[in-house]
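A.B. asks: Just need the structure, nothing else, for what follows:
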Amino acid sequence: MFLSTVRVSLQIFFSLTFIVFTASGVQKLTVTPDRGTTLNISSSQVKGSVCKVCTGAGRSQLCSTSVLLNNNTPVLVEFKCPRPQDVFSVEIVRNIECTTKSCNGRIILADSGSLPLLDFKRKFTWILKASAPKAFQIDFSKTGLMQINPSVGCLDRHTYTLQAFQATGNVAIGKYCRTGTISSAQVLNQGSFSLEVPAGQKLQNGQFDVSVGEEIKSLAKIKLTLTQGTSSSELLSPNYPDSFPDDDVMEWYFEIPAKLRVSVQFLNLTQPRCLKKETAMEYHSKGRATLLLNLMDTQQALNQGDFSLMLRNCEMDRRRAGSPGFSLSIKVSASTADSRVLCNVDLRKQKDLSLHIEKLRPGSDCKMKMNSVTKERITVPSNSVTQLSFQDCLPEDLQVTTMKVIDCQKNPVSLSLPSLPNCLLVLLSSVTWVLRPSQHGTVELTSPTVPLRQSLPGQLCNDSIIKLAEDDGTTVGQFCPQGVIQKVQVHANMSVTLSRVGDKKLMPFLKPVLTASLKKEISERYIFTVSPMKDSPVLLATPGWPLGMKSYSTVSWIVSVPSKMVANLMFTNVSQPKCNNRHTNIKVQRIGRLEEDYSRREDEVAESNITVSESFYLNMSNCMPERGDFRVITKITLEKSKNLLLTIILSVVAALLVIFIIVLVVICVVVRKKKKKLNHQVSIYNPNGTVFLPGQNGFPKSCEDSESHVYASIEDTLVYTHLLRKGAEMGVYGEFDTYRPFEGHTDSQKPLVSKDSGADNAEVGVYQPFRLSSQQAPPLPNRPASHNQPAMELNEIYQTEDPSEDDHFSKLGPRLDPEGGD
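C.D. replies: Numbers count the residues shown, from 1 in each chain. Predicted structure coming up:
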């Protein structure tokens, strides 16, 4: 039993007082959340966004990309950008808890008190918690809900989502729109129910009661009520199109009025690899044994009366990469043995739209009437009002399509799904738009959401298919979203047809399929604008594939290649005809260049691979074939430019080489300095009186660089004084303690010999200086002055410190001639 005294409206649930201030680039408002309500304002932009939301004022102001308000006190909120509604979204959260007997609130939808937030995208979330072992239950019987594919939206722009919270993570039970056969939902333990509306959308008033549910043994239990007449429901497994949770159970319970026939179909089945148990669908009916339904088989009509379907998953093997999960959709249809449904179709508000209904099974009991006339095919003309009736018809008996004609529009036209009356027994199978430009005009198609890709072997479409064809029925190609084709231009009247793979029905959604513009004449029959992405090969086929191109037709692809990238073209599947007139041609030409990079005819040997370094045109033209067809599949792959890579490699090598040379020079300089320090000076005694010093070594210059103290030569008396006797005994030299300018010969002259000495007068056994004649002595070598400098050092080396040593030497007797000295 509900607490009837507890009523929560959004006026109480989200009681906010707003005072809005606007300034240049700044918007301010004061928010007062209701007690027990959490308000979350968050940004959808990436980290580092310049758009901030701030609370407080002055030095205490805090700014971030989100703010969480949960106190029942006024808070000043300031947006630091001119249009915060384009950046921020608002989520309003409230908790509802249930005991084993009742719950403390209900879900009430109202705009009271929240109108200033209409400019923001809003999400209202209720967190619901049950008391074990019970489930909580939400009652939708007043309006009903219809489950939809997660990829589509609702026509009234109100999208509901039901989730179950488990220890292993949240599970999406389903996404729903208003008005349908779902009358209630029970969720085990804990979950959430949310409503999302876009910016500027007012809430539809209403409420959903929350109560204590049953002790269910499944993840959730959805109850559907099929009404009198004919009705059908399409259900999806939890987390669809992703996998149903591992080793879990989902239940749907159907309330069926008396004398209704029910049929069940399992669609879009994806089977997992099971480790334990098996996937199964169990059929339970009161008073009957449980029936195990094979998911792979076509199901027959079930017995009358209420029943439930329980979907069981196995323990899946998810260890292998790419292992499939478990998902499927279920279609349940019910009709009486003699049911008659009336439907009034008014197409006056939808200009140039016609409706077509076809009976698929001629042997069925289904009877269609248009204005009381029985027909096998019905066409409701545009701008008309028509009365239709269907008797004993099931949804699988009928196919409904529409066609809209668009002539010479100056402004772009959005190709969207039409809105049809709910009394029609089945959803649309396909929608066709016929586009008729002016004479010599062109149809230009673009996708308002994501680019297109061509459906070809290796990149087939798995859901929606957009078929482009010329007015004579010639196919241009089949396309689907999530590709790289930015624009398609066709120089002819053409049609665009939207359908789904495997004859599935179209789910209603709001977003336009394509945007069409009628432009002036172009030079080619077909032009495609393509923007490939790195590491994502693109397949492009000639118009009409797998058939050949029309005779004399031409096609051009404008391919954008980013900077520092090259495009590798591979012609993977080429079929050339034998031409009766003209030639086929495949050309590649870079944009802005006069010369062609590649050109081949059908009678020339074609290369299978070429590389283009810039954005380019890929042009193909057909001849008048005598036999055979002209068709080509081109594979384009973007790669990094090899020239850039080579430049980088050479730059690195050059840098390393420079560093190596610098290091080598430094090592050589250091080694040379060390050698200089270790190079010992050695003097050699020469009997001719000249001292030879190996190497080019000399005294390092002092800070006095005038070199005024450097002598041209030094007397021999100052050198080797410990080897000579006193100058007075020799009769050649005078005192050598005092420096006198040199007046004798230099190194360039021959060595001096005493005039008083001679070879014949030398005393035997007494040391005499060498006094050879100039003819006997070899000429002295020319040496730089640096060779004479070490003589001063040698003088210090061989000079005796003590004068008494001279007497000591004189007492030693005659000296032997030295062979050399250090």
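A.B. asks: make it CA atoms for all contacts and neighbour counts henceforth
C.D. replies: Fine.
A.B. asks: Buried residues of stretch 493-511, list them for me.
C.D. replies: For stretch 493-511, the neighbour count (16 or more other C-alpha atoms under 10 Å) marks 493-500, 504-509 as buried.
A.B. asks: Among these, which ones are in strands?
C.D. replies: Those of the buried residues of stretch 493-511 mapping onto strands are 494, 495, 496, 497, 498, 499, 500, per DSSP state E.
A.B. asks: Check which helices and strands the helix or strand hosting residue 657 is in contact with.
C.D. replies: Residue 657 belongs to helix 642-678 when assigned by DSSP states H and E. Contacting helix 642-678 under the criterion 3 or more C-alpha pairs under 8 Å, 6 or more residues apart in numbering; DSSP states H and E is no other helix or strand.
A.B. asks: next one: it to chain centre, how far?
C.D. replies: Mean-position distance between helix 642-678 and its chain equals 41 Å (C-alpha atoms, centre = their mean, to the nearest Å).
A.B. asks: Show me which of the buried residues of stretch 493-511 is closest to residue 88.
C.D. replies: residue 509 (24.2 Å; C-alpha to C-alpha).
A.B. asks: pretty sure residue 269 contacts residue 327?
C.D. replies: Yes: with contacts defined as C-alpha atoms under 8 Å, residue 269 counts as touching residue 327 at a distance of 5.9 Å.
A.B. asks: Just want to know which of the two has more residues nearby.
C.D. replies: The neighbour comparison of residue 269 against residue 327 (other C-alpha atoms under 10 Å) goes to residue 327, with 22 against 14.
A.B. asks: what's across from the more buried one in the sheet?
C.D. replies: residue 270 (DSSP bridges).
A.B. asks: again, but for residue 174
C.D. replies: Per DSSP bridges, the residues bridged to residue 174 are residue 162.
A.B. asks: Residue 193 now?
C.D. replies: residue 126, residue 162.
A.B. asks: which residues touch it?
C.D. replies: Contact analysis of residue 193 by C-alpha atoms under 8 Å, 6 or more residues apart in numbering lists 125, 126, 127, 128, 160, 161, 162, 163.
A.B. asks: if you set the cut-off to 6 Å instead, what comes out?
C.D. replies: 125, 126, 161, 162 (C-alpha atoms under 6 Å, 6 or more residues apart in numbering).
A.B. asks: again, but for residue 136
C.D. replies: 130, 186, 187, 211, 212, 213.
A.B. asks: Recalculate using a threshold of 7 Å.
C.D. replies: By C-alpha atoms under 7 Å, 6 or more residues apart in numbering, the contact set of residue 136 is 129, 130, 186, 187, 188, 211, 212, 213.
A.B. asks: Partner strands of the helix or strand that contains it and their direction?
C.D. replies: Per DSSP H and E, residue 136 falls inside strand 135-139. Here strand 135-139 is paired, per DSSP bridges, with strand 182-188 (antiparallel), strand 206-212 (antiparallel).
A.B. asks: for those strands, which one sits closest to residue 280?
C.D. replies: Closest to residue 280 of the strands paired with strand 135-139, according to C-alpha to C-alpha: strand 182-188, at 21.0 Å.
A.B. asks: mind exporting that closest one as PDB, just the C-alpha atoms?
C.D. replies: Extracted in PDB, the C-alpha atoms of strand 182-188 (Å, rounded to 0.1, in the frame of the first residue of the first chain):
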ATOM      1  CA  ILE A 182       4.100  -2.500 -21.400                       C
ATOM      2  CA  SER A 183       2.000  -2.000 -18.300                       C
ATOM      3  CA  SER A 184       4.500  -2.500 -15.400                       C
ATOM      4  CA  ALA A 185       8.000  -3.400 -14.600                       C
ATOM      5  CA  GLN A 186       9.600  -5.100 -11.500                       C
ATOM      6  CA  VAL A 187      13.300  -5.000 -10.700                       C
ATOM      7  CA  LEU A 188      15.100  -7.100  -8.100                       C
END
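A.B. asks: for that strand, the distance to its chain's centre please.
C.D. replies: In this view, strand 182-188 has its centroid 39 Å away from the chain centroid, taken as C-alpha atoms, centre = their mean.
A.B. asks: What of stretch 315-327?
C.D. replies: Centroid separation for stretch 315-327 versus its chain: 25 Å, with C-alpha atoms, centre = their mean.
A.B. asks: Show the end-to-end separation of it, please.
C.D. replies: Taking C-alpha to C-alpha, to the nearest Å, stretch 315-327 runs 14 Å from one end to the other.
A.B. asks: That stretch - what's its average pLDDT?
C.D. replies: Mean pLDDT, stretch 315-327: 81.
A.B. asks: got it, and stretch 199-218?
C.D. replies: 90.
A.B. asks: Can you list the buried residues in that stretch?
C.D. replies: Residues of stretch 199-218 classed as buried: 201, 202, 203, 207, 208, 209, 210, 211, 212, 213, 216, 218 (neighbour count, 16+ other C-alpha under 10 Å).
A.B. asks: ok, so of those, who is nearest residue 458?
C.D. replies: Residue 458 has its nearest neighbour among the buried residues of stretch 199-218 in residue 218, at 39.8 Å by C-alpha to C-alpha.
A.B. asks: and that closest one, what is it in contact with?
C.D. replies: 249, 250, 251.
A.B. asks: Okay, and which of those residues map to strands?
C.D. replies: Short answer: the contacts of residue 218 in strands (DSSP E) are 249, 250, 251.
A.B. asks: all helices for the chain, in order.
C.D. replies: Under the criterion DSSP state H, helices of the chain are mapped to 10-13, 642-678, 727-730, 790-798, 804-811.
A.B. asks: Residue 313: which of the ones in strands among the buried residues of stretch 493-511 is nearest?
C.D. replies: Relative to residue 313, the closest of those is residue 500; by C-alpha to C-alpha it sits at 27.3 Å.
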